[in-house]
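Trainee: my questions concern the predicted model and sequence given below.
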Amino acid sequence: MEVGILIVKLSIGEANSLKEKRKIIKSLIDRLKNKYNLSVAETDLQNKWREAEIGIAIVGNEKPYLNRVLEKTVDIIEANNKTIMTDYEVHFW
């Protein structure tokens, strides 16, 4: 069994309140969960209006498959016009 973890830091320029930020992040999280059946959660920076960190996890049998899914996940996040990805890390166990 392999586990892939993706940690993404985001900038949210449009958010003028925590309520707006949460709406944007929830939409992104729901899209990722529905598209790839990932476990996704906001993991840090919950009280900052224009910054967020989300953690994404996937479990499978083959590391190359997990890596491809996480790469596609990064592509979706980069294509999101309401956020800017400032950094990300990928880990496997």
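Mentor: Perfect, thanks for sending it. Numbers count the residues shown, from 1 in each chain.
Trainee: what's the helix or strand for the spatially most central residue of the chain?
Mentor: The centroid of the chain falls nearest to I54 when counting by C-alpha atoms, centre = their mean (4.6 Å). Assessed by DSSP states H and E, I54 sits inside strand 51-60.
Trainee: so which bits of that strand are buried?
Mentor: 51-54, 56-58 (16 or more other C-beta atoms under 10 Å). Bear in mind the C-beta positions are built from the backbone N, C-alpha and C, glycine included.
Trainee: now swap in stretch 64-80 and tell me
Mentor: 66, 69-70, 73-74, 77, 80.
Trainee: for it, the distance to its chain's centre please.
Mentor: 9 Å (C-alpha atoms, centre = their mean, to the nearest Å).
Trainee: mean confidence score for that stretch?
Mentor: Mean pLDDT, stretch 64-80: 96.
Trainee: which residues are contacting it?
Mentor: With contacts defined as C-beta atoms under 8 Å, 6 or more residues apart in numbering, stretch 64-80 is touched by 2-4, 6, 8, 10, 28, 31-32, 35-36, 38, 56, 58-60, 83, 85, 88, 90, 92.
Trainee: same check, this time on stretch 4-21
Mentor: With C-beta under 8 Å, 6+ apart, stretch 4-21 has contacts from 24-25, 43, 45, 47-60, 63, 66-67, 69-70, 73-74, 77, 82-93.
Trainee: any idea which helix or strand comes after the helix ranked longest in the chain?
Mentor: For the chain, the helix with the greatest residue count under DSSP state H is helix 18-36. Sequence order places strand 39-44 as the next helix or strand after helix 18-36, per DSSP H and E.
Trainee: picking that back up, in TSV, list the buried residues of stretch 64-80 along with secondary structure and distance to S17.
Mentor: Shown next, in TSV, are those (DSSP: H, G, I helix; E, B strand; the rest coil; distance: C-beta to C-beta, whole Å):
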residue	secondary structure	distance to S17
L66	helix	36
V69	helix	33
L70	helix	31
T73	helix	27
V74	helix	27
I77	helix	22
N80	coil	19
